[in-house]
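Engineer: Using only what follows, build the 3D model:
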Amino acid sequence: MAQRFIRLPVVLRRYGISKTTIYDLIAKSKFPKPIHVGRSALWSVQEFDRFDQAKLEERDLGQL
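Structural biologist: Numbering: from 1, shown residues only. Sure, this is the predicted structure:
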């Protein structure tokens, strides 16, 4: 499967959090890091899918 990448505006819409919050979470290693191509920051869609799945599993384990 080919990697797909998204830019910051799509990340902002996907998670409904601010740019500042995203970069704060990245600094705390609590959010996927982007790759940089020139001046653009790009995120892997597949990495976000894994991140979302891990958060769901983390939530479900907390309900036991």
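Engineer: Thr20: what secondary structure?
Structural biologist: With DSSP: H, G, I helix; E, B strand; the rest coil as the basis, Thr20 sits in helix.
Engineer: and what of Lys30?
Structural biologist: coil.
Engineer: which residues touch the strand ranked longest in the chain?
Structural biologist: Ranked by residue count, the top strand of the chain under DSSP state E comes out as strand 40-44. Residues outside strand 40-44 that contact it (C-beta atoms under 8 Å, 6 or more residues apart in numbering) are 3-8, 11, 32, 34-36. Quick note: C-beta positions are derived from backbone N, CA and C, even for glycine.
Engineer: and that strand, how far out from the chain's middle?
Structural biologist: Computed by C-alpha atoms, centre = their mean, to the nearest Å, the separation of strand 40-44 from the middle of its chain amounts to 10 Å.
Engineer: Which elements pack onto whichever helix or strand comes after that strand?
Structural biologist: Remark: after strand 40-44, the chain's next helix or strand is helix 45-62, criterion DSSP states H and E. Contact here means 3 or more C-beta pairs under 8 Å, 6 or more residues apart in numbering; DSSP states H and E; on that basis helix 45-62 packs against strand 5-7.
Engineer: let's go with 10 Å and repeat that
Structural biologist: strand 5-7, helix 8-15, strand 40-44 (3 or more C-beta pairs under 10 Å, 6 or more residues apart in numbering; DSSP states H and E).
Engineer: Would you mind getting the angle between the longest one and strand 40-44?
Structural biologist: Same thing as helix 8-15. Angle, helix 8-15 to strand 40-44, by axes from the mean of the first three to the mean of the last three C-alpha atoms, to 10 degrees: 40 degrees.
Engineer: For stretch 26-44, buried residues please.
Structural biologist: Residues of stretch 26-44 classed as buried: 31, 34, 41-44 (neighbour count, 16 or more other C-beta atoms under 10 Å).
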